[in-house]
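Colleague: my questions concern the predicted model and sequence given below.
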Amino acid sequence: MSESGLAHLVVAVLRRDVMASLRRGSEWSNPLVFFVMVCALFPLGIGPQPDRLAELAPGILWVVALLASLLATDSLFRGDFDDATLEQMLLSHQPLYPQVLAKTLAHWLMTGLPLSILSPVLGVLLQLPTTGMLALMASLLLGTTVLSFIGAIGAALTVGLRKGGLLLSLIVLPLYIPVLIFGSSAVKSAVEGGEYFPQLAMLGVFYLVALALSPLAICGALRISVDQ
C-alpha cells in the first residue's frame, strides 16, 4: 500500500473511532468526571492548607490522571471484538499496524488530551503554583500518549476475556511507573524553580519508542487473543 493509502486508512479509522466515542459519551466523559471528582476529594481528605496541597499536587494530579486514563482503556478494542469488527480487521488485506495506531491515537484524543487540557483548572484547586502549570500540561500531553499505547497492549491481550479489567490493571500498571515518575518529577522541578526539560526529554523518548514499537506489540496481542 502506498504512503497516501496508509495515511487515508489512519485518518478513516481515527475519524470513525472518535465519532463512535462521541456518540457513546461515557468513554470520554467518565475519565473526566473521575479526574475532577477524585482531585476535588483530596482537599477534603488531607486538609485545605495551601502549602501542603501545593507540595502534594504534582503527585496527586499525575496519579489521578493515570488512573483516569486507565479507566477507559478496557473498552479500546472491546466493542470491535464483540461485533466481530476486530476479526474482520485481522482477516482484511488492509495492514493492521496503521489501524491499531489510529485506534490508539483516537483513545488518546478522547481521554489523554481532555485530561491534559483540564489539568490546570484542577491544579488551581490543589493550590499548584503557576510556575508548574506549563510543566503539568506538557508532561501530561506527552505522558498520557505513552499511557494510551501501553494500555492498548494490555487491552489487546485481555480483549478476549469477559472480565479482563483487573488483569489489564495488573499488566499495565507496573509499566506506567516510569512515566509517572518522570511526569510528576517534571512538575515538581518546575514548582521548585529548577530545570524540568530533562524529564520532558525522557517522556519524549518514551513517546517515540511507544509510537514506533507499541503498534507491533498490539498487533501480535490481538492475533493471540482472537485466535484463542
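Modeller: Here it is on my side, so go on. What you are looking at is a predicted structure, and each value in this text was computed from that prediction instead of being measured. Numbers count the residues shown, from 1 in each chain.
Colleague: tell me the pLDDT at the residue of the chain most remote from its centre?
Modeller: No residue in the chain sits farther from the centre than Gln49, which is 30.7 Å out by CA atoms, centre = their mean. Predicted confidence (pLDDT) at Gln49: the value is 85.
Colleague: mind showing which ranges of this protein have poor pLDDT?
Modeller: Within the chain, the ranges that satisfy pLDDT under 70 run 1-5, 163-164, 228.
Colleague: let's go with 80 and repeat that
Modeller: Low-confidence segments of the chain (pLDDT under 80): 1-7, 24-28, 47-48, 79, 81-85, 92, 160-166, 226-228.
Colleague: Met133 sits in which helix or strand?
Modeller: For Met133, the enclosing helix or strand under DSSP states H and E is helix 133-158.
Colleague: how about the residue nearest the centre of the chain: what's its closest non-neighbour residue?
Modeller: The residue lying closest to the centre of the chain (CA atoms, centre = their mean) is Ser148, at 3.5 Å. In this structure, Ser148 finds its nearest non-sequential neighbour in Trp108, 4.1 Å apart by CB to CB, 6 or more residues apart in numbering. C-beta coordinates here come from the backbone N, C-alpha and C atoms, glycine included.
Colleague: buried sites along the host helix or strand of that neighbour?
Modeller: Taking DSSP H and E as the definition, Trp108 sits inside helix 96-110. Neighbour counts over helix 96-110 (16 or more other CB atoms under 10 Å) mark 96, 98-110 as buried.
Colleague: quick one: residues in contact with that helix.
Modeller: 6, 9-14, 17-18, 21-22, 27-28, 72-73, 76-77, 89-90, 144-145, 148-149, 151-152, 156, 211, 214-216, 218-219, 222 (CB atoms under 8 Å, 6 or more residues apart in numbering).
Colleague: dump that helix to CSV, restricted to CA.
Modeller: Listed next in CSV are the C-alpha coordinates belonging to helix 96-110 (Å, rounded to 0.1, in the frame of the first residue of the first chain):
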residue,chain,number,x,y,z
LEU,A,96,-3.2,-3.9,10.8
TYR,A,97,-0.4,-1.6,12.0
PRO,A,98,-1.9,1.7,10.9
GLN,A,99,-5.3,0.6,12.1
VAL,A,100,-4.2,-0.1,15.7
LEU,A,101,-2.1,3.1,15.6
ALA,A,102,-5.2,5.1,14.6
LYS,A,103,-7.4,3.4,17.3
THR,A,104,-4.8,4.2,20.0
LEU,A,105,-4.5,7.8,18.9
ALA,A,106,-8.3,8.1,19.0
HIS,A,107,-8.3,6.8,22.5
TRP,A,108,-5.7,9.4,23.5
LEU,A,109,-7.7,12.2,21.8
MET,A,110,-10.8,11.2,23.8
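Colleague: ok, the spatially closest residue to Leu134 that is not a sequence neighbour - contacts?
Modeller: Closest residue in space to Leu134, ignoring its immediate chain neighbours: Ala190 at 7.0 Å, by CB to CB, 6+ apart. For Ala190, the contact set (CB under 8 Å, 6+ apart) comprises 131-132, 134-136, 196.
Colleague: how about stretch 190-202: buried residues?
Modeller: By neighbour count with 16+ other CB under 10 Å, stretch 190-202 contains the buried residues 190-191, 196, 199-200, 202.
Colleague: for stretch 30-46, same thing?
Modeller: 31-32, 34-36, 38-39, 42-43.
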